[in-house]
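Student: Predicted model and sequence follow; I will ask about them next.
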Amino acid sequence: VFIFIYEKESHIGTAFTIHQQKQRIQHLSIMVLHLSTAVLLVSLSISISVESVKGFLTPNPSVRQYFEHPNTNSRRNRNVPLSMSSNGNDLTGKVVAQRYIYRMSSTKSSTTTPYTIEERQYYKVAEDRSLDSFGERCFILRGSENANDGIEPPEESMKKNGMPRIYTKLGPALHCVKDLKEDEDDMDGLGGTVWESSYAMALYCMAHPEFIKGKGLEVGCGVGVGGILSIIGAGLASGSTEEEASNAYQSIEDIANTPVQSENDDEQLMAPVPKQLSKIIMTDSHQNILKVCMDNLQSSAFPVSKAEISMLDWKQRIVPNEMRDAFDFIIGCDCAYYFPLVNPLARTVAYTLKSSPYDRSDNQQVVRGNFLHIGPAHRESIGDLKTKLSRGFRMETRMKEIVLERVDLAPLILDSLDVEAEQMKVEIEVEGGYVEYQNIENSQYTALSGHHNEDYDGFNGDYFFPAENGKEGSYRDNGSELDFGTETA
């Protein structure tokens, strides 16, 4: 480029004086210097971008930060008890646990519960100091943080970067569900993925354990994590008070006093599902996803007599006769994620949910069937689903706002998973449940619940439901009929 410009300028400059040509050559030299500097800066920028992409592809920035600077995970970090802390900087072969806590906001959510869910994903440190994921995710259902009061919080301390350490408090571990997996072969990445809506639904069921009773149906269960955690969580929560302990599968006190079973035991303890649950039928329209759901049921030690897997495509208009007016509760997690799914989902719910007739002897409605759907608050289709259930099928519905907090805990470094049970015990009994965390993120969800109108008998849906007889415009959003001669927009 310099030679071309020089020859060009020299040719043009023949009409000028030698002094003018020297000035032009000096200008050209400055231009080349600027050009070289620009090329250097572009090269440096590309190099930084590549490193940023590499960093983005690592399992988690917080895990990488603690891995590259192991000294920041010091003895003051309540996540790593002294007896299990890594000695020195040689972490090869160690286990790094990435940890999240999901809980309902006690100040912003309309529904609250003292229970929380911890999610763990494990990585092994390779010789080149890279993190290799191994095993499936582990979920720990925890009780109230107030259960371990009496231990003072950690003293104030600073990290190496000069920032203060911040702590949150965990409740005791009530039950652990291990080796739950996703469907890596799922092409659309919807049903085969575990979304945070699943944790919101599980926490809602722990806040309202009375919802899980009788025969249940889960629509769009995916790999089953949301349904499994919801049923087990309701089982734990239903035994949390003395007056309800006798009606539960297992009380919290019984679970706490039950010895941890080793992998060598022939008989595995069953998950603590509610005694009031007769069976949950988990359905999806993809057979490959249902196979993963079956594996997760086995991994979670879900009682065989309490669960069933079945194909159900609720986008098909015909509802099987054996499923009509058959379920005491129906749950769904982020099923109405776009408008075309609203009508078939509402129709399936209306025909399969048990009726709630009016009892003339007691002069009140007997609610026999309840529906619950949890989804992100930003989805307008959830409001459409409420309208369809109310106007189209005359169901009584209501919506609640849930604020879910995700707390990113500091990564935990262990010698092996064999010491994890001891770590969990020390973390609560010795350290008081205080755990260092790095960040808290809030996300909003909508809980849509409903039951049938008292005039629906469970059999005359083709005539009773306005969506079926063409009179949907004659009903309000609450399912009540408009005055004669008026119509909704």
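Tutor: Done, it's in.
Student: What about Y338? Give its phi and psi, please.
Tutor: phi -160, psi 160 (degrees, to the nearest 10).
Student: Can you check the pLDDT for it?
Tutor: Here, the pLDDT recorded for Y338 equals 84.
Student: dump the residue contacts of it.
Tutor: By CB atoms under 8 Å, 6 or more residues apart in numbering, the contact list for Y338 reads S381. For every residue, glycine as well, the C-beta is placed using N, CA and C.
Student: How about I309?
Tutor: 281-283, 290, 293-294, 297.
Student: 10 Å - rerun?
Tutor: 221, 224, 281-284, 287, 290-291, 293-294, 297 (CB atoms under 10 Å, 6 or more residues apart in numbering).
Student: So it lies in a strand, does it not?
Tutor: Yes: applying DSSP: H, G, I helix; E, B strand; the rest coil, one finds I309 inside a strand.
Student: ok, back up a step: just the buried residues of the contacts of I309.
Tutor: 221, 224, 281-284, 290, 293, 297 (16 or more other CB atoms under 10 Å).
Student: ok so, going back, closest to F465 among the contacts of I309?
Tutor: T283 (21.5 Å; CB to CB).
Student: What residues are bridge-paired with the closest one?
Tutor: Note on T283: beta-bridge partners S310, judged by DSSP bridges.
Student: Against D132, how distant is the spatially most central residue of the chain?
Tutor: Most central in the chain under CA atoms, centre = their mean is E196, positioned 2.0 Å from the mean C-alpha point. For E196, the distance to D132 equals 25 Å [CB to CB, to the nearest Å].
Student: in the stretch 151-300 of the chain, which spans are strands?
Tutor: Ranges of strands within the stretch 151-300 of the chain are 166-169, 173-180, 214-219, 277-284, based on DSSP state E, counting those that start in this stretch.
Student: got the CA coordinates for the first one in PDB?
Tutor: Spelled out, that is strand 166-169. Once non-C-alpha atoms are left out, strand 166-169 reads as follows in PDB (Å, rounded to 0.1, in the frame of the first residue of the first chain):
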ATOM      1  CA  ILE A 166     -21.900 -11.800  51.200                       C
ATOM      2  CA  TYR A 167     -23.900 -14.700  52.700                       C
ATOM      3  CA  THR A 168     -27.300 -16.300  52.500                       C
ATOM      4  CA  LYS A 169     -28.800 -18.900  54.800                       C
END
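Student: Quick check: chain neighbours aside, which residue is closest to I374?
Tutor: Leaving aside its chain neighbours, I374 sits nearest to M201 (4.1 Å; criterion: CB to CB, 6 or more residues apart in numbering).
Student: how many other residues sit next to the one you found?
Tutor: Residue neighbour count, defined by other CB atoms under 10 Å, stands at 28 for M201.
Student: does it really touch S449, like I thought?
Tutor: No: here M201 does not reach S449: they are 11.5 Å apart, not a contact under CB atoms under 10 Å.
Student: about what we covered before: among the strands of the stretch 151-300 of the chain, which comes closest to E155?
Tutor: That would be strand 166-169 among these, by CB to CB, at 10.6 Å.
Student: Which strands or helices does the closest one pack on?
Tutor: strand 95-104, strand 396-409, strand 434-451 (3 or more CB pairs under 10 Å, 6 or more residues apart in numbering; DSSP states H and E).
Student: switch to 6 Å and redo it
Tutor: strand 434-451 (3 or more CB pairs under 6 Å, 6 or more residues apart in numbering; DSSP states H and E).
Student: Where in the chain is the helix or strand with the lowest mean pLDDT?
Tutor: Ranked by mean pLDDT, DSSP states H and E, the weakest helix or strand in the chain is helix 242-245, scoring a mean of 34.
Student: is it fair to say D384 lies in a helix?
Tutor: Yes: assigned with three-state DSSP, D384 falls within a helix.
Student: so how far is T397 from it?
Tutor: 12 Å.
Student: So between these two, which is more surrounded?
Tutor: Set side by side, D384 and T397 show more neighbours around T397, with 20 against 17, by other CB under 10 Å.
Student: wait, that one sits on S390?
Tutor: Yes: judged on CB atoms under 6 Å, T397 makes contact with S390 at a distance of 5.4 Å.
Student: I30 should be in a strand, yeah?
Tutor: No: secondary structure of I30 (three-state DSSP): helix, not part of a strand.
Student: What is the burial count for it?
Tutor: Neighbour tally, I30, other CB under 10 Å: 9.
Student: Now do it against E182, distance only.
Tutor: Taken as CB to CB, the span from I30 to E182 is 59 Å.
Student: Please apply the same query to S299.
Tutor: Distance of S299 to E182, computed by CB to CB: 13 Å.
Student: okay, those two: which has more neighbours?
Tutor: Using other CB under 10 Å as the criterion, S299 and E182 rank with E182 on top: 19 against 15.
Student: mind listing what that one touches?
Tutor: Going by CB atoms under 6 Å, 6 or more residues apart in numbering, E182 touches 192-194, 223.
Student: Return the item of the residues you listed having minimum pLDDT.
Tutor: Among the contacts of E182, pLDDT bottoms out at G192, giving 72.
Student: which residue ranges form the helices in the stretch 351-489 of the chain?
Tutor: 380-387, 393, 420-429, 461-464, 466-469 (DSSP state H, counting those that start in this stretch).
Student: before we move on, back to that, just tell me which of the strands of the stretch 151-300 of the chain ends up closest to A421.
Tutor: strand 173-180 (8.9 Å).
Student: Okay, buried residues for the closest one please.
Tutor: In strand 173-180, counting by 16+ other CB under 10 Å, buried: 173-177, 180.
Student: From these, pick the one nearest P320.
Tutor: L180 (28.8 Å).
Student: For F302, see how far away that closest one is.
Tutor: L180 is 11 Å from F302, by CB to CB.
Student: again, but for Y437
Tutor: In terms of CB to CB, Y437 sits 31 Å off from F302.
Student: Please say which of the two ends up with more neighbours.
Tutor: Remark: of Y437 and F302, F302 carries more neighbours, 22 against 18, as counted by other CB under 10 Å.
Student: A271 is in contact with that one, correct?
Tutor: Yes: using CB under 6 Å, F302 makes contact with A271 at a distance of 5.2 Å.
Student: Assess the claim that E441 and R406 are in contact.
Tutor: Yes: the pair E441 / R406 is scored as a contact, 4.9 Å apart, by CB under 6 Å.
Student: who's more crowded, these two?
Tutor: Set E441 next to R406 and count neighbours by other CB under 10 Å: R406 wins out with 16 against 11.
Student: Make sure that one is actually in contact with I440.
Tutor: No: using CB under 6 Å as the test, R406 is too far from I440 to be in contact (7.1 Å).
Student: if I pick R137, what's in contact with it?
Tutor: 121, 180.
Student: Now do the same for it: its pLDDT.
Tutor: 89.
Student: ok, it to A173 distance?
Tutor: For R137 relative to A173 (CB to CB), the value is 16 Å.
Student: Quick one: residues contacting F464.
Tutor: F464 neighbours (CB under 6 Å, 6+ apart): Y456.
Student: same question, the one 3 residues further on
Tutor: Applying CB under 6 Å, 6+ apart, we find A467 in contact with 392-393.
Student: mind listing the helices for the stretch 151-300 of the chain?
Tutor: So, for the stretch 151-300 of the chain - with DSSP H, counting those that start in this stretch - the helices run 197-207, 225-238, 242-245, 252-257, 287-299.
Student: got JSON lines for those helices, with distance to P357 too?
Tutor: JSON lines is the format used below for the helices of the stretch 151-300 of the chain (distance: least, CB to CB, whole Å):
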{"stretch": "helix 197-207", "distance to P357": "26"}
{"stretch": "helix 225-238", "distance to P357": "26"}
{"stretch": "helix 242-245", "distance to P357": "27"}
{"stretch": "helix 252-257", "distance to P357": "36"}
{"stretch": "helix 287-299", "distance to P357": "34"}
